[in-house]
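Asker: all I have is the shape, not the residue letters:
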Ligand SMILES: [Zn+2]
């Protein structure tokens, strides 16, 4: 059976978790023998990728869910890595319309220059599907302050499906595009009792999990209120309310997905950045 590894190069989200780096904001790396995808490269994606021993030049896809810095800041440098320094047409760049073109609220956050070298550039509007190394990925609607924001569903052959909601508030049907995935990754920015328009609280997460019916839920993308309240306790609340095993991601955490979904006990940080820099 194919095995997928998910490495959380950051679990922070929102302005203050980002500018203080209370939690890292490098996004998530999904790898298997067939693909190597970076999802939402916020500040730190490049540095923590190298620190974790995940060569950014091996990336075959860069996915960006919307135009806010905690999701797109490092997209340009990762595209440069994916295209071997902008000299090889290589890989897939799939990004929300706001990221590539801009919209009423955001200027594009990836330059035209960076959009020229990927082999395929996908304007990931809700419902749009595309392939990365034969894996089908579909963009899904998110309701966030960037009106072009999308989540993604990954259909991984002989493993099952994974979904990532990105930042969204709950609305009826938000979970429909992710129905019955094995693993649901939620951008659980806020704890229960602290709603904020366009963002997800733990109560929203409960409703989304009930719509999706996944095998397992992982919370990530924590804002300051969530970090202070304790993401592990919020995960427990969501698990109690839904009956679905739920954990809160930690920086550097690695999940292995094959027949089972397991948390690797050691963090994916095989060498320190200092020794890496000394050795090069
Ligand atoms: Zn965010």
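Answerer: Great, that's in hand. Note that the structure is a prediction, hence the values are computed from the model and not measured.

Asker: need phi/psi at residue 150.
Answerer: Phi and psi for residue 150, reported as degrees, to the nearest 10, are phi -140, psi 160.

Asker: in this structure it contacts residue 64, no?
Answerer: No. Checked against Cβ atoms under 8 Å, the pair residue 150 and residue 64 is beyond contact range at 9.3 Å. Placement of C-beta: from N, CA and C, glycine included.

Asker: what do those two both touch?
Answerer: Any residue near both residue 150 and residue 64 by Cβ atoms under 8 Å, 6 or more residues apart in numbering counts here, and that gives residue 96.

Asker: residue 100 reaches residue 111, doesn't it?
Answerer: No. Residue 100 is beyond contact range of residue 111, at 10.3 Å (criterion: Cβ under 8 Å).

Asker: tell me which of these two has more neighbours.
Answerer: residue 100 (22 against 10; other Cβ atoms under 10 Å).

Asker: quick one: what helix or strand has the residue in the stretch 151-280 of the chain that the ion sits nearest to in it?
Answerer: Using Cβ to the ion, the point where the stretch 151-280 of the chain gets nearest to the ion is residue 167, with a distance of 4.3 Å. In this assignment (DSSP states H and E), residue 167 forms part of neither any helix nor any strand.

Asker: again, but for residue 162
Answerer: When elements are defined using DSSP H and E, residue 162 is found to belong to strand 160-164.

Asker: centre of the chain to that strand, how far?
Answerer: When C-alpha coordinates are averaged (Cα atoms, centre = their mean, to the nearest Å), strand 160-164 and its chain have centres 11 Å apart.

Asker: secondary structure class for residue 126?
Answerer: What DSSP: H, G, I helix; E, B strand; the rest coil gives for residue 126 is coil.

Asker: which residues touch it?
Answerer: Neighbour list for residue 126: 139, 140, 141, 150, 177 [criterion: Cβ under 8 Å, 6+ apart].

Asker: farthest-apart pair in the residues you listed, please.
Answerer: Maximum pairwise distance among the contacts of residue 126 (Cβ to Cβ): 9.6 Å, between 150 and 177.

Asker: what touches both of those two?
Answerer: Common contacts of residue 150 and residue 177, defined by Cβ under 8 Å, 6+ apart, comprise 126, 140, 141.

Asker: out of these, which one sits closest to residue 185?
Answerer: Residue 185 has its nearest neighbour among the shared contacts of residue 150 and residue 177 in residue 140, at 12.5 Å by Cβ to Cβ.

Asker: which pLDDT value goes with the closest one?
Answerer: pLDDT, the model's per-residue confidence, is 98 for residue 140.

Asker: same thing with the one 5 residues further on?
Answerer: Model confidence at residue 145, expressed as pLDDT, equals 95.

Asker: so, low pLDDT: which residues of the stretch 151-280 of the chain?
Answerer: Low-confidence segments of the stretch 151-280 of the chain, defined by pLDDT under 70, are located at 265-280.

Asker: strands along that one, start to end?
Answerer: For the stretch 151-280 of the chain, strands defined by DSSP state E, counting those that start in this stretch occupy the ranges 160-164, 183-187, 216-220, 246-248, 254-257, 261-264.

Asker: tell me who's in contact with the nearest residue to residue 164 once chain neighbours are set aside.
Answerer: Among residues not flanking residue 164 along the chain, residue 185 sits closest, at 4.4 Å (Cβ to Cβ, 6 or more residues apart in numbering). The contact partners of residue 185, taken as Cβ under 8 Å, 6+ apart, are 28, 162, 163, 164, 165, 217, 218, 220.

Asker: bridging residues for residue 185?
Answerer: Beta-bridge partners for residue 185, by DSSP bridges, are residue 164, residue 218.

Asker: residue 168 is in contact with residue 187, isn't it?
Answerer: Yes. Using Cβ under 8 Å, residue 168 and residue 187 qualify as a contacting pair, with a distance of 7.2 Å.

Asker: now do the residue nearest to residue 134 when sequence neighbours are not counted against the ion, distance only.
Answerer: The spatial neighbour of residue 134 that comes closest, neighbours along the chain excluded (Cβ to Cβ, 6+ apart), is residue 34 at 6.7 Å. Distance from residue 34 to the ion, counting by Cβ to the ion, to the nearest Å: 28 Å.

Asker: same check, this time on residue 124
Answerer: Here the distance between residue 124 and the ion works out to 16 Å (Cβ to the ion).

Asker: once you drop chain neighbours, what's closest to that residue?
Answerer: The shortest distance from residue 124 to any residue other than its chain neighbours is 4.0 Å, reached at residue 139 (Cβ to Cβ, 6+ apart).
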